[in-house]
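Colleague: Quick check, what structure comes out for this input:
(chains A, B and C)
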Amino acid sequence: MIAFIARRLVTSFFVLLAATMVIFGLTSIAGDPLADLRELPGPDRERRMADRIERMNLDSPVWVRYLSWLGNLFRGSLGVNRDGQDVGVLLREALSATLQLVVAATVLAVVIGVIVGIISALRQYSTFDYGVTLAAFVCFSLPLFWVAVMLKQYIAIEFNDWLRDPVIPPLIIGVLAVAAGLIWAAIAIGDRRTKLTAFGAGAAVTVVTLTLLSATRWFADPGIGVVGLAVLAGGTAIGLTVLISGLQYRGPLYAALAAAGIGVLLSEILDPVLADPSWTEMFGLALVTAAVCAGLGYGLGGLLRRQAITGAVATGLVTGGLIFLDRMLQSFAAYSDRVRGRPISTIGSRTPNFTGDFWETNLDAAGHLLLPTMALILISLATYTRYSRSSMLEVMNLDYVRTARAKGLPERTVITKHAFRNGMIPITTLMAVDFASVIGGAIVTENVFGWQGMGNLFIEGLQQVDPAPVMAFFIVSGTAIVVFNMLADIVYAYLDPRIRLS
Amino acid sequence: MRNSPNEILHVEDLTVEFPTDDGVVHAVRGVSYTLHEGEVLGIVGESGSGKSVTSLAVMGLLPRGARVRGKIVYRGEDVLKLSARRRRALRGGKIGMIFQDPMTALNPVHTIGDQLAEAVLAHGLVPYKQALARAKEMLDLVGIPQAEARLRSYPHEFSGGMRQRAMIAMAVINSPDVIIADEPTTALDVTVQAQILEKLLEVKDAVNAAIVLITHDLGVVAGTAHRVLVMYAGKPVEIGDTDTVFYRPRMPYTAGLLGSMPSLETSGGRLRPIGGAPPSLINLPSGCPFSPRCPLADDTCTAEEPGLAEAGEGGHLAACHHWREVAAAPDPTALFRTESEAV
Amino acid sequence: MTISAPASGAAQGMTVVARTQGQMVRRRFFRHRAALVGMLAFGGVVLLAFTSIGIGPIPGWWDKSYLTTGSLVNQGRPTLSVVPQFLGGEGIRFGEHPFGQDNIGIDYFALTMRGAQQSITVAFIVAIVATTVGTLAGAFAGYFRKLTESVIMRLTDVMITIPILIIAAIVGRTFGDSGIVILAVCIGLVTWPTLGRLVRGEFLSLREKEFVEAARAVGSSAGRIIFRHVLPNTIGVIIVSATLAVANAVLLESALSFLGVGVQPPDVSLGQLIDTYRSAMTTRPWLFWWPGVFIIAIALSINFIGDGLRDAFDPRQTRVRA
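Modeller: Next up, the predicted model:
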């Protein structure tokens, strides 16, 4: 294992070194680094050109400049850009902005994509499957920049306008209800009657919910409330138990329900703490939640202790997440007022000069993240859906899944323990590679939404024929790719006992 | 024969069809058989004859979209009418199944012990440790040395024969009444085949079960089965006691199968293979599906498909218009020409 | 339900009628409805783009040029209408400027067609170059092993370390001024490693097969074995990847042009049109809509064709209708 890592690192080092050479060379000959200065009027021009020539060492040949850049790199400096700014500082800011942008998007894309892909595989050749397949193909074929501009126009601007008077017209409610009903009907298995029931239930629930939300002007001052919280947490507890251990044994169910109940109670009791917490406090609360829920699972689980602990901890954390969401929503009206009723932002990563309490700052960040995240999800969601669908389909047809069924295991266990576990092995590789590439690859999104991130650093450097920022960008993105690929191999070996790293 | 006290499994007029893009595949076209306590029933046929699909139908493991008709009666209850949950309780609980290829039939990412223990847990809530102890007991029973340590092994650390032993252990871990063994020795080395077969019979006696032994290899059936069912193109074409069927076949196809089997007794003699290939299950030929390959075929055969009819004593049934001619032949296998004669 | 032949008894005896590989592939492909629709749609787009404004000196049937400005009609709004009069629309008509005009009065239909021509050309060149280089590199690496393989695989390592958009952007920026053909060839030269790895993998497994052994035993040359024996067996993988490469190249080219590092003015491409008119979104959204619609139409139809081909070449798939 250690030998494997060491050898990989050595090879990767030389691969990266070769790549830096290529990139430095190509960037340096990509144009005229003085182009912008040549058009300047007046006497200033000659002096500034001379300045830049000296700073960028333009008198020496490209390979000399490359070697000097490399020498600096080994001394731990990324050099300066053409205006003399320290690239290390620029990189740090850009990286933090990009990470904010891509982490949430990638995690969401993975979770949603894998779930949709699996349902699609389990319902192969159903209407739902065809719908998902079609949607995935459309997503594959969407130009990201085009979608991003569309989102800006139709989600941000129009949605903000609508929020001033958040009433949903009956026609829209009707359309949404029909759509929801169709989705439910497509997922449901069974004869026409089952499908009709599913359609009716889905549509009715949607109509009632939306009408209520619209009539109470919920969107102007949203929140979940204790009752909503209790219903959602209880639903989570039951849903997770069904997934993890099934409902025929009581232990795990009681543990999950207890976790949900305690969570809802605490959301009221802890009110003073939750008024304006810090991230450290939130993290601490999450840890305590996990510990308490593990205890509940241990105590109530009985013979199914392992499943009970998993279920209770998951329920507890989801309940915590719901409480967090509730608090965010409660601050929404105040926040919306402070940004003159335009909570969904289209430019940058935060409102300039904005200060507020914990929840308002987070809302501000969320408002700025919403659109770029949607754009990024839309694109990579399709990949995950397709991959997990085909991976699941392949595994579901394998002999050992049939063996699992022949043993009389419940379908839930067959899917989660035998099919899912094996089907996800190739997806981990995809995840690692994907995450590595989005660190450097959110270029288009950053460009459209005006984020000062990694992509911006790169594309600006490239257009200004300024190698230093481009190289700084590559050092991070290239290293990320190398490291994540290696991680993928290690995780692969961990998940599949047949693989030995050597 | 019906409803006799020691009858466990009774399949009646079972048909299975798969609608595909190319047309409907008639995989099984009316199979009936009865399995009694402690009995070994051999089902013999070429690949595509419907023998595997028949047993997958009994287990309820057919792919979604398969159309199943007929009756599968387990101890007086029609399995096809049971709820999904009751059906699952039978699978692995009362009816265990062993598959052909032990290299792919075990999940590579879980330990042998875990895969055995979960079979116990699927049919009753017991502490995991207890399930694991049962798993060890089973590994001992099927003759895997150092069973305790082997529980923690992964399938890829086992040889083919060991894996098939583990599969047998898995199939009988809940002491079933019926073991369906689908070509249990086909994927193994010849030397291992006999061991596995012997172990299977030994385990059957230990848990007191009956076996449905599916194979294309008459040699496997000869030494083990009490009765044999021969299938062709989705239909049973001959059924009877093993000895009767082997020494007095009444259906040319069975005779052909026997003639294609090399044996020590007739060493030096020529093999007499059946010419041609099995028919497409999408467009079956009219009349007897074997008629295009049959040396006795005449106009009656292409016009009308024969049903199973009594062709000898002791419940010996055959589906052939000309079974009397087969019976009259001194050596029925000689109906087929040898390779050199055919050229 | 799809069942793979060796895994399931249900598939046994399903395909008994003998057909050649080519016939089977064609049969399967033409039964894939989405692929057929994709092929018709793509053919339609190509036909429309290349006949309407003509190619080079050959004139097309559309009477306006993408170079000449004209007076603004109705503020440049599209005159295309597809809503019939009895439904309260303006009837089905093409009108003077079906896609509208840009702010200096250039007919936007002609301009979009020109962009589509350029984008399709770039995409095909990229795909052809990448497929050829990738196939050769993968074949040599997989067949010869040892030094050849090491060199080629390290080269792909280097190129895969650099995200595709990045390396394409650098190449685009460096060679973008030299015209679209050079640009396309350069992009093709940096996007082959994915296919190269795929082909190498196929070669690695095929070179151990008996028929290669047999060819070697009768003294066939390496070149003959590679091109006559092994390559034909990987053709499915290559064709499918090549098709999908065209779709990806359309999107890649448009993204590069949008970022200003692809096709450079005065040349136009679909992505570059969107970049040029992105600020017009609020005032003249149609300048934004049309090129996007064409990018999607091209990429989607090719993706469907690729999917159909993949199903057609995959012999394991026999579908049981649920």
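Colleague: Contact partners for residue A:485?
Modeller: Each residue near residue A:485 by Cβ atoms under 8 Å, 6 or more residues apart in numbering or on different chains is listed here: A:432-433, A:436. Every residue, glycine included, has its C-beta placed from N, CA and C.
Colleague: quick one: low-confidence ranges for the stretch 151-300 of chain A?
Modeller: Per-residue confidence of the stretch 151-300 of chain A (counting by pLDDT under 70) places the weak regions at A:190.
Colleague: all helices of it, in order?
Modeller: Listed in chain order, the helices found in the stretch 151-300 of chain A under DSSP state H, counting those that start in this stretch are A:158-163, A:170-187, A:192-215, A:225-244, A:250-269, A:271-275, A:279-300.
Colleague: now the ones you listed as CSV including mean neighbour count and distance to chain B?
Modeller: Compiled in CSV, the helices of the stretch 151-300 of chain A are given as follows (neighbours: other Cβ atoms under 10 Å in any protein chain shown; distance: least, Cβ to the nearest Cβ, whole Å):
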stretch, mean neighbour count, distance to chain B
helix A:158-163, 14, 42
helix A:170-187, 17, 15
helix A:192-215, 15, 14
helix A:225-244, 18, 14
helix A:250-269, 22, 10
helix A:271-275, 12, 40
helix A:279-300, 16, 15
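Colleague: any idea which helix or strand of chain B has the worst average confidence?
Modeller: helix B:339-342 (a mean of 50; mean pLDDT, DSSP states H and E).
Colleague: My error: substitute chain A in the last question.
Modeller: Of the helices and strands making up chain A, the lowest-confidence element is helix A:35-38, at a mean of 76, by mean pLDDT, DSSP H and E.
Colleague: Tell me which other helices or strands it touches.
Modeller: helix A:44-56 (3 or more Cβ pairs under 8 Å, 6 or more residues apart in numbering or on different chains; DSSP states H and E).
Colleague: the inter-axis angle of the helix or strand just after the helix it packs on versus helix A:44-56?
Modeller: Toward the C-terminal end, the helix or strand that comes next after helix A:44-56 (DSSP states H and E) is helix A:62-74. Direction vectors for helix A:62-74 and helix A:44-56, defined by axes from the mean of the first three to the mean of the last three Cα atoms, to 10 degrees, enclose an angle of 60 degrees.
Colleague: what angle separates whichever helix or strand comes after helix A:62-74 from helix A:170-187?
Modeller: Beyond helix A:62-74 in the direction of the C-terminus, DSSP H and E gives the next helix or strand as helix A:87-122. Going by the same axes, to 10 degrees, helix A:87-122 is angled at 70 degrees with respect to helix A:170-187.
Colleague: Just checking the distance from helix A:87-122 to the centre of its chain.
Modeller: Its chain's C-alpha centre and that of helix A:87-122 lie 3 Å apart, by Cα atoms, centre = their mean, to the nearest Å.
Colleague: Could you do stretch B:78-88 as well?
Modeller: Shown here is stretch B:78-88, whose average C-alpha point lies 22 Å from the average C-alpha point of the whole chain (Cα atoms, centre = their mean).
Colleague: what about that stretch and chain A, touching?
Modeller: Yes. Stretch B:78-88 lies within reach of chain A by Cβ under 8 Å from any Cβ of the partner chain, at residue B:88.
Colleague: Now do that stretch: distance from first to last residue.
Modeller: Taking Cα to Cα, to the nearest Å, stretch B:78-88 runs 14 Å from one end to the other.
Colleague: Pull out the buried positions in it.
Modeller: Residues of stretch B:78-88 classed as buried under the neighbour-count rule (16 or more other Cβ atoms under 10 Å in any protein chain shown) are B:79-80, B:82, B:87-88.
Colleague: got a list of contacts for that stretch?
Modeller: When contacts are taken as Cβ under 8 Å, 6+ apart, the neighbours of stretch B:78-88 outside the stretch itself are A:408-410, B:58, B:60, B:68, B:70-73, B:90, B:122.
Colleague: Out of those residues, list just those in helices.
Modeller: B:58, B:90 (DSSP state H).
Colleague: Give me the buried subset of the contacts of stretch B:78-88.
Modeller: Using 16+ other Cβ under 10 Å as the threshold, A:408-410, B:58, B:60, B:68, B:70, B:72-73, B:90, B:122 are the buried ones among these.
Colleague: Please identify the residues of the stretch 101-250 of chain A in proximity to chain C?
Modeller: A:124-126, A:137-138, A:140-146, A:149-150, A:152-153.
Colleague: hmm, 7 Å instead?
Modeller: A:124-125, A:137-138, A:140-146, A:149, A:153 (Cβ under 7 Å from any Cβ of the partner chain).
Colleague: Thank you kindly, that will do.
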